[in-house]
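one predicted model, sequence on top.
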Amino acid sequence: TDIVFLDDFEEWIKYNFQFHGELVNKKVVFFLAETKTEQVLISHEHLDYTWADYETAMEKTTFDNAKSILTKSKTLLSKTL
């Protein structure tokens, strides 16, 4: 694999929800990485994926905490690229 992670970026979101009457606690961890590979293999936990530029990603993202992470990633990339 040709994935290269940016060392200075790790963000996370915690949330919970009910599933079959049970409380489920989730923690989603976001990393920033670069790859030249366009084809992606996703796990059984995922339905789909997309490559998007910043503006499109902000339009498609519904939660403010996720938008904040996108903004942090854009800021870091603008300083390092």
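Now that the structure is in, tell me what you want to look at.

mind exporting stretch 16-32 as PDB, just the C-alpha atoms?
What follows is stretch 16-32 as a C-alpha-only set of coordinates in PDB (Å, rounded to 0.1, in the frame of the first residue of the first chain):
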ATOM      1  CA  ASN A  16     -24.000   6.900  21.300                       C
ATOM      2  CA  PHE A  17     -27.200   5.400  20.000                       C
ATOM      3  CA  GLN A  18     -29.700   2.700  20.800                       C
ATOM      4  CA  PHE A  19     -29.500  -0.500  18.800                       C
ATOM      5  CA  HIS A  20     -32.000  -3.300  19.500                       C
ATOM      6  CA  GLY A  21     -32.600  -1.800  22.900                       C
ATOM      7  CA  GLU A  22     -29.000  -1.600  23.800                       C
ATOM      8  CA  LEU A  23     -26.900   1.500  24.300                       C
ATOM      9  CA  VAL A  24     -24.000   1.600  21.900                       C
ATOM     10  CA  ASN A  25     -21.000   3.900  22.500                       C
ATOM     11  CA  LYS A  26     -19.000   4.800  19.400                       C
ATOM     12  CA  LYS A  27     -15.700   6.600  18.900                       C
ATOM     13  CA  VAL A  28     -14.800   7.500  15.400                       C
ATOM     14  CA  VAL A  29     -11.100   8.300  14.800                       C
ATOM     15  CA  PHE A  30     -10.000  10.500  11.800                       C
ATOM     16  CA  PHE A  31      -6.600  10.400  10.300                       C
ATOM     17  CA  LEU A  32      -5.200  12.400   7.500                       C
END
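
ok, the most centrally placed residue in the chain to Glu10 distance?
In the chain, the C-alpha nearest the mean C-alpha coordinate belongs to Phe30, at 4.7 Å (C-alpha atoms, centre = their mean). Phe30 sits 7 Å away from Glu10, going by C-beta to C-beta, to the nearest Å. Where you see a C-beta, it was placed from the backbone N, CA and C, and this is true even at glycine.

pretty sure the residue nearest to the centre of the chain is touching Leu6, no?
No - assessed by C-beta atoms under 8 Å, Phe30 is found out of contact with Leu6, at 11.2 Å.

list of residues touching the helix ranked longest in the chain?
Using DSSP state H to define each element, the chain has its longest helix at helix 64-80. The set of residues external to helix 64-80 that reach it, using C-beta atoms under 8 Å, 6 or more residues apart in numbering, is Leu6, Asp8, Phe9, Glu11, Ile13, Phe30, Leu32, Tyr54, Ala57, Met58, Thr61.
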